[in-house]
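Novice: 3D model of this:
(chains A and B)
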Amino acid sequence: DAGVTQSPTHLIKTRGQQVTLRCSPKSGHDTVSWYQQALGQGPQFIFQYYEEEERQRGNFPDRFSGHQFPNYSSELNVNALLLGDSALYLCASSLIANTEAFFGQGTRLTVV
Amino acid sequence: AQSVSQHNHHVILSEAASLELGCNYSYGGTVNLFWYVQYPGQHLQLLLKYFSGDPLVKGIKGFEAEFIKSKFSFNLRKPSVQWSDTAEYFCAVNLNTNAGKSTFGDGTTLTVKP
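Specialist: This is a model prediction of the structure:
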């Protein structure tokens, strides 16, 4: 049973570019949440997708957007990248009715 | 908005020492509480969780945590640490049955000397 998988594992982008990160949830899970973890800090909630819709959103600008597909996988898009967007981006999957989330290994994004 | 504070940024212990990592949260309503561990190069893993009932929660690898509602605390403990416990530990809280939206502390890095 595969856990949460994220791709790519590492990415280097130039300021102003756009990036797309991908996440496949754990088998049987229907909800995907995205977090940003800056160096030396804990993960911060970006948004959550359920039934292909954004269900909740944290305090992140509109440059951060996402999508959930019918197979429950998800994408995180970040436009107009800033140096400050450099971080580890984590995907967590869960069942909407459950209370335990499982995390992927993350995508390390470096903006130069 | 709720917040989570982890008091110790970096803890260094010798093997067999006892461990206690502090965690306080700022919300007065009903919360679910979690401790996650992140070993070097690995993903976040759930150590233990508290939803309701017995405030002393036992998790994997000999860890336990005690929920003290009056102190808004959920401290993590282990009687005797091992070198393999070297990792980063995160306390997290969410406010309802939505597991996806959790607020995390900034983490405590634990280094266990052999």
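Novice: the residue nearest to the spatial centre of chain B in helix, strand or coil?
Specialist: When CA atoms, centre = their mean is applied to chain B, the residue found nearest the centroid is B:W35 (3.4 Å). With DSSP: H, G, I helix; E, B strand; the rest coil as the basis, the three-state label of B:W35 is strand.
Novice: give me the nearest residue to it, chain neighbours excluded.
Specialist: The shortest distance from B:W35 to any non-neighbouring residue, by CB to CB, 6 or more residues apart in numbering or on different chains, is to B:L47 (4.3 Å). All C-beta spots, glycine's among them, are computed from the backbone N, C-alpha and C.
Novice: hmm, B:L33 and the one you found touching each other?
Specialist: No. Taking CB atoms under 8 Å as the definition, B:L47 is not a contact partner of B:L33, at 11.2 Å.
Novice: quick revisit: any idea how far the residue nearest to the centre of chain B lies from B:V112?
Specialist: For B:W35, the distance to B:V112 equals 17 Å [CB to CB, to the nearest Å].
Novice: which residues of chain A lie near chain B?
Specialist: Chain A has residues A:3-4, A:31-33, A:35, A:40-45, A:48, A:56, A:58, A:90, A:92, A:94-106 near chain B, with proximity defined as CB under 8 Å from any CB of the partner chain.
Novice: restricted to buried residues, select these in PyMOL.
Specialist: Buried members of the residues of chain A next to chain B, defined by 16 or more other CB atoms under 10 Å in any protein chain shown, are picked up in PyMOL with:
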select buried, chain A and resi 4+31+32+33+35+42+43+44+45+48+58+90+92+94+95+99+101+102+103+104+105+106
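Novice: and the residue positioned nearest the centre of chain A, bridged to which residues?
Specialist: Most central in chain A under CA atoms, centre = their mean is A:W34, positioned 3.3 Å from the mean C-alpha point. In this structure, A:W34 bridges to A:F47, A:C91 when assessed by DSSP bridges.
Novice: who touches it in this structure?
Specialist: For A:W34, the contacting residues are A:C23, A:F45, A:I46, A:F47, A:Q48, A:G66, A:S74, A:L76, A:Y89, A:L90, A:C91, A:A92, taking CB atoms under 8 Å, 6 or more residues apart in numbering or on different chains as the criterion.
Novice: repeat that with 7 Å
Specialist: Contact criterion CB atoms under 7 Å, 6 or more residues apart in numbering or on different chains gives A:I46, A:F47, A:G66, A:L76, A:Y89, A:C91 as the residues in contact with A:W34.
Novice: what of B:C91?
Specialist: If a contact means CB under 7 Å, 6+ apart, then B:C91 has B:V4, B:Q6, B:C23, B:W35, B:F74, B:G105 as its contacts.
Novice: that's a helix at it, yeah?
Specialist: No. According to three-state DSSP, the state of B:C91 is strand, so it is not within a helix.
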